[in-house]
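Trainee: I'll drop the sequence and a predicted model, then ask my questions.
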Amino acid sequence: MAVYWKRKYRGKQEKEAWYLLTNLPDLESAVKIYRQRFGIEAMFKDCKTGGYNLEGSKASPDRLVRLIFLIALALTSAWLHGQRTKLQKQQS
C-alpha cells in the first residue's frame, strides 16, 4: 500500500491523495505507472464521449481507421509541441 500526494505546484494543490495498492517494489515506480495509466484513461475518454465521439460517428471501418490515425497525429503533434516548449523553458 502506498500513499502519494503531489506537492503544491504553481499555487495549485491536489484535493486528494492517491492511495495505491500495488505489488511494485517502490513508491516511485508505482506513481510512474499509475500516472501513465491515468493519461491513457483520459485519452480513451477523449476518443469516446469526451471530445472526438468516435462511438457516435457511425463511420465505416475504413473511415474509422482514418479518423483514429488523424487523432493519433494530432495528439502526437500536441505532445511534441509541449515537449519543445518544456525544453525551451528549461534552457531559458
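Mentor: Alright, I've got the coordinates. Residues are numbered from 1 along each chain as shown.

Trainee: Which strands or helices does the host helix or strand of residue 35 pack on?
Mentor: According to DSSP states H and E, residue 35 maps onto helix 27-45. If contacts are counted by 3 or more CB pairs under 8 Å, 6 or more residues apart in numbering; DSSP states H and E, helix 27-45 sits against strand 2-4, strand 18-20. To be clear about C-beta, it is placed using only N, CA and C from the backbone, and glycine gets the same treatment.

Trainee: what's the angle from the helix or strand following that helix to helix 27-45?
Mentor: Tracing the chain past helix 27-45, the next element assigned as helix or strand by DSSP H and E is helix 61-91. If you take axes from the mean of the first three to the mean of the last three CA atoms, to 10 degrees, helix 61-91 sits at 140 degrees to helix 27-45.

Trainee: Report the mean per-residue pLDDT for helix 61-91.
Mentor: Model confidence over helix 61-91, given as mean pLDDT, is 89.

Trainee: And for stretch 47-56?
Mentor: pLDDT averaged over stretch 47-56 gives 72.

Trainee: For that stretch, buried residues please.
Mentor: 47, 52, 54 (16 or more other CB atoms under 10 Å).

Trainee: go on, stretch 29-47?
Mentor: For stretch 29-47, by 16+ other CB under 10 Å, it's 30, 31, 34, 47.

Trainee: Geometrically speaking, which residue is the centre of the chain?
Mentor: residue 39 (2.1 Å; CA atoms, centre = their mean).

Trainee: contacting residues for residue 86?
Mentor: Applying CB atoms under 8 Å, 6 or more residues apart in numbering to residue 86 gives no contacts.

Trainee: okay, now residue 68: neighbour count?
Mentor: By other CB atoms under 10 Å, 14 other residues sit near residue 68.

Trainee: What are the contacting residues of the helix holding residue 35?
Mentor: 2, 4, 18, 20, 22, 24, 50, 51, 75.

Trainee: Just put the helices and strands packed on helix 27-45 in CSV and tack on distance to residue 83.
Mentor: Shown next, in CSV, are the helices and strands packed on helix 27-45 (distance: least, CB to CB, whole Å):
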stretch, distance to residue 83
strand 2-4, 24
strand 18-20, 25
